[in-house]
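> can you look at this prediction? I've put the sequence above it.
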Amino acid sequence: MEAHGGFGMVNAVPRKKPTKAAPGSASAFSTSIKLSEVIAGGLRFEAAAFNIEARQAVQAMRVAGHSLVALYGASGLATFANKPTRFPRIYVDADHGTPFLSSSDIISMRPEIENYLSRKLTPQLDELLIREWDVLISRSGTVGNVGLAPERFASWALSEHAIRLRAPTPEDSAFISAFLRSRFGRLQLLRASYGSVVQHIEPEHLQKVLVPDLPMRTRRQVGSSMMKASRARDDANRLLDKADADLHTLLKLPPLSSLYRHKEGPVIVKQHASSLCWRFEASFHDPVAQMAQEISGESRLEVSRLGDSNCHSRNSPHNKISKARLRPEGWHLTAQQQAVDAGRPRRYQAPSKGGPYKRPSGDCLAPEHGHYQPVWNYR
């Protein structure tokens, strides 16, 4: 009664109305599945087979007005998909084997070949070879990593844990690679995977992945950009290989791969107590690193350690200030300005007159700020 105007002794507290859920919030955590979708999906009842984010990605492509086609199949964008069966891996040296690319290396910017499959003892080796512009998809363990095979990968053997996908034209293959690396493609690959502990995906699952059927001109434009990027990566790797070879030639040092060949089983290294350096982890006593150190010491080259004074003195601005004097036009720098400017490494500058170039008396590197000119004491 007090709440309706009487003399009350209890304050009336209005009840809070229940708040309504925001529209569309429930759809982020649940979805409805038709029986026809369950049958078409192979009678799979796990929630991962009907990934909500993947369904939303497909719906977003439909809302954008794109007609969708299957990624792989008779009417799909790709017409060839191959997953080799398990085979015994017999590794040999580079002269008698084919470079072997693992599924984790297909997205590497600079894959380094460590194993070579025997050409004579590997059954059906032709089914493992990569062709240029093949789409490589990891299918076991880490599912959904996608790479485009450049010219460098051609004739390499691919692991059975990856799928080789091929389209009629290189531009279409490159377009497929670009789409599968996007959010709209990767979510569909993850939805198609199966396995409770180790995830897997098979070539037939790619038939359920939908790709927008864009005009040929657009597909070629996207594919050409991907192919250009792959060629640029190949060119960069070739330059790195050349630089590495030139360095070994200049220093007259053999490649590390020719010094030590890893054998199957554990690696046992014997060390004297004087060489332990109080380090008992096996990685510190790497035999390859020890061989490289011994060869460097036996060579006629001057070898320095990172802890030597002639190596780390370059990073000390105080040492640089004591060995060089910076003279701008008409005024001198303060000690604080010298410390800031001298701490920035610059290249040496040869004198304009006075004969051939001579190394400065110190390791100081002078700044190049407009009219600043370093003053060296040449020998």
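Happy to help now that I have it. Numbers count the residues shown, from 1 in each chain.
> tell me which helix or strand the residue positioned nearest the centre of the chain sits in.
Nearest to the geometric centre of the chain sits S108, at 4.6 Å (C-alpha atoms, centre = their mean). If you go by DSSP states H and E, S108 is not part of any helix or strand.
> next up, phi/psi of it, please.
Torsion angles at S108 (phi, psi; degrees, to the nearest 10) stand at phi -80, psi 140.
> how close does it get to V143?
Separation of S108 from V143 (C-beta to C-beta, to the nearest Å): 17 Å. C-beta: built from backbone N, CA, C; applies to glycine.
> cool, and L301?
As judged by C-beta to C-beta, L301 and V143 stand 48 Å apart.
> repeat that for S155.
Going from S155 to V143 by C-beta to C-beta gives 26 Å.
> out of these two, which sits in the more crowded spot?
V143 (22 against 12; other C-beta atoms under 10 Å).
> three-state assignment of the more buried one?
With DSSP: H, G, I helix; E, B strand; the rest coil as the basis, V143 sits in coil.
> tell me, what's the model's pLDDT at it?
pLDDT recorded at V143 is 88.
> surely it is in contact with L189?
Yes. Using C-beta atoms under 8 Å, V143 is in contact with L189, at 6.4 Å.
> around the closest residue to Q207 other than its chain neighbours, count how many other residues there are.
Spatial nearest neighbour of Q207, chain neighbours left out: G73 (4.6 Å); criterion: C-beta to C-beta, 6 or more residues apart in numbering. If you count neighbours by other C-beta under 10 Å, G73 ends up with 17.
> and the gap between G73 and P88?
32 Å.
> over to A192?
As judged by C-beta to C-beta, A192 and P88 stand 29 Å apart.
> out of the two, which sits in the more crowded spot?
Just comparing A192 and P88: by other C-beta under 10 Å the higher neighbour count belongs to A192, 25 against 9.
> from what I can see the more buried one touches I201, true?
Yes. Assessed by C-beta under 8 Å, A192 is found in contact with I201 at 5.7 Å.
> and stretch 96-113, how far out from the chain middle?
Centroid separation between stretch 96-113 and its chain, computed with C-alpha atoms, centre = their mean, to the nearest Å, is 13 Å.
> then that stretch to PDB, C-alphas only?
Output of stretch 96-113 as PDB, limited to C-alpha atoms (Å, rounded to 0.1, in the frame of the first residue of the first chain):
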ATOM      1  CA  HIS A  96      71.900 -38.600 -56.300                       C
ATOM      2  CA  GLY A  97      68.700 -37.200 -55.000                       C
ATOM      3  CA  THR A  98      65.800 -34.800 -55.600                       C
ATOM      4  CA  PRO A  99      65.300 -31.800 -53.200                       C
ATOM      5  CA  PHE A 100      62.600 -32.600 -50.700                       C
ATOM      6  CA  LEU A 101      60.200 -29.800 -49.600                       C
ATOM      7  CA  SER A 102      58.300 -30.300 -46.400                       C
ATOM      8  CA  SER A 103      54.800 -29.000 -45.700                       C
ATOM      9  CA  SER A 104      56.100 -26.400 -43.300                       C
ATOM     10  CA  ASP A 105      58.400 -24.900 -46.000                       C
ATOM     11  CA  ILE A 106      55.800 -24.100 -48.500                       C
ATOM     12  CA  ILE A 107      55.200 -20.700 -46.900                       C
ATOM     13  CA  SER A 108      58.900 -20.000 -46.100                       C
ATOM     14  CA  MET A 109      60.400 -16.900 -47.700                       C
ATOM     15  CA  ARG A 110      63.700 -18.700 -48.100                       C
ATOM     16  CA  PRO A 111      63.300 -22.500 -47.800                       C
ATOM     17  CA  GLU A 112      66.600 -24.300 -47.200                       C
ATOM     18  CA  ILE A 113      66.800 -27.900 -48.500                       C
END
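> got the buried residues for that stretch?
97-103, 105-106, 111 (16 or more other C-beta atoms under 10 Å).
> quick one: which of the residues you listed is nearest L251?
The closest of those to L251 turns out to be P111 (C-beta to C-beta; 25.2 Å).
> chain neighbours aside, what residue packs nearest to the closest one?
Nearest to P111 is D105, by C-beta to C-beta, 6+ apart, at 4.1 Å.
> for the one you found, give its distance to I113.
Counting by C-beta to C-beta, the gap from D105 to I113 is 9 Å.
> what is in contact with those two at once?
Listed contacts common to D105 and I113 are nil; contacts here mean C-beta atoms under 8 Å, 6 or more residues apart in numbering.
> give me the pLDDT for the residue nearest to P111.
pLDDT for D105: 91.
> please state the backbone phi and psi of it?
Dihedral angles for D105 - degrees, to the nearest 10 - are phi -90, psi 0.
> can I assume it is in contact with N115?
No. Using C-beta under 8 Å, D105 is not in contact with N115; the gap is 10.7 Å.
> doesn't R62 lie inside a helix?
Yes. Assessed with three-state DSSP, R62 lies in a helix.
> where's it relative to Q56, distance?
From R62 to Q56 the distance is 11 Å (C-beta to C-beta).
> higher neighbour count, those two?
Under the criterion of other C-beta under 10 Å, the comparison of R62 against Q56 puts Q56 first, with 15 against 12.
> quick one on the thing from earlier: overlap in contacts, D105 and N115.
With C-beta under 8 Å, 6+ apart as the test, D105 and N115 reach no residue in common.
> quick one, domains of this protein?
Following automatic domain parsing, the chain resolves into domains at 80-185+197-206+214-232, 317-375.
> of the ones you listed, which shows the lowest average pLDDT?
domain 317-375 (a mean of 43).
> so what's D134 up against?
148-149, 153, 164-166, 173.
> okay, those in a markdown table with distance to V197 next?
A markdown table is the format used below for the contacts of D134 (distance: C-beta to C-beta, whole Å):
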| residue | distance to V197 |
| --- | --- |
| L148 | 30 |
| A149 | 30 |
| F153 | 30 |
| R164 | 25 |
| L165 | 26 |
| R166 | 31 |
| S173 | 32 |
